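Chemist: Quick one: sequence and predicted model below, then my questions.
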Amino acid sequence: MKITGLDAIMKKTEQMSKFAREIDGELASVSFDPSDPASIEAALQKISDAIDDKTRSYERNDWIQNLAGQLKEQARNSILEKAAAARIGK
């Protein structure tokens, strides 16, 4: 039996490792007015753009693109939760 495709997996793994090092730490600094939907939306867009910038050179790596989608969703949820908490005075 011949196993094929390991080169592609090795390349994806190396790229994922490099990407993980690149995003380790702060991706972007965002601030927003929790009572202003436009300000919240601008913060969401800024973090999404920052993630897109980091993943631009990995557009063909589906592992990284999937991770980027998860990072965007986590960032979105975090911003929305912080905005909601600020509005109710937490």
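Modeler: Looks like it came in fine.
Chemist: Going by C-alpha atoms from here, please, whenever you check contacts or count neighbours.
Modeler: Fine.
Chemist: Now for the protein: which helix has the highest residue count?
Modeler: The helix that spans the most residues within the chain, counting by DSSP state H, is helix 62-87.
Chemist: by contact count, what packs against that one?
Modeler: On a contact count with 3 or more CA pairs under 8 Å, 6 or more residues apart in numbering; DSSP states H and E, helix 62-87 meets helix 6-23, helix 37-55.
Chemist: what angle do that helix and helix 37-55 make?
Modeler: 160 degrees (axes from the mean of the first three to the mean of the last three CA atoms, to 10 degrees).
Chemist: Tell me what angle helix 62-87 forms with helix 6-23.
Modeler: Our comparison of helix 62-87 with helix 6-23, counting by the same axes, to 10 degrees, yields an angle of 30 degrees.
Chemist: which one of the helices and strands packed on helix 62-87 is the most hemmed in?
Modeler: Counting by mean count of other CA atoms under 10 Å, helix 37-55 has the highest mean neighbour count of these, with a mean of 16.
Chemist: what about that helix, distance to the chain center?
Modeler: Per CA atoms, centre = their mean, to the nearest Å, the displacement of helix 37-55 from the mean C-alpha position of its chain is 9 Å.
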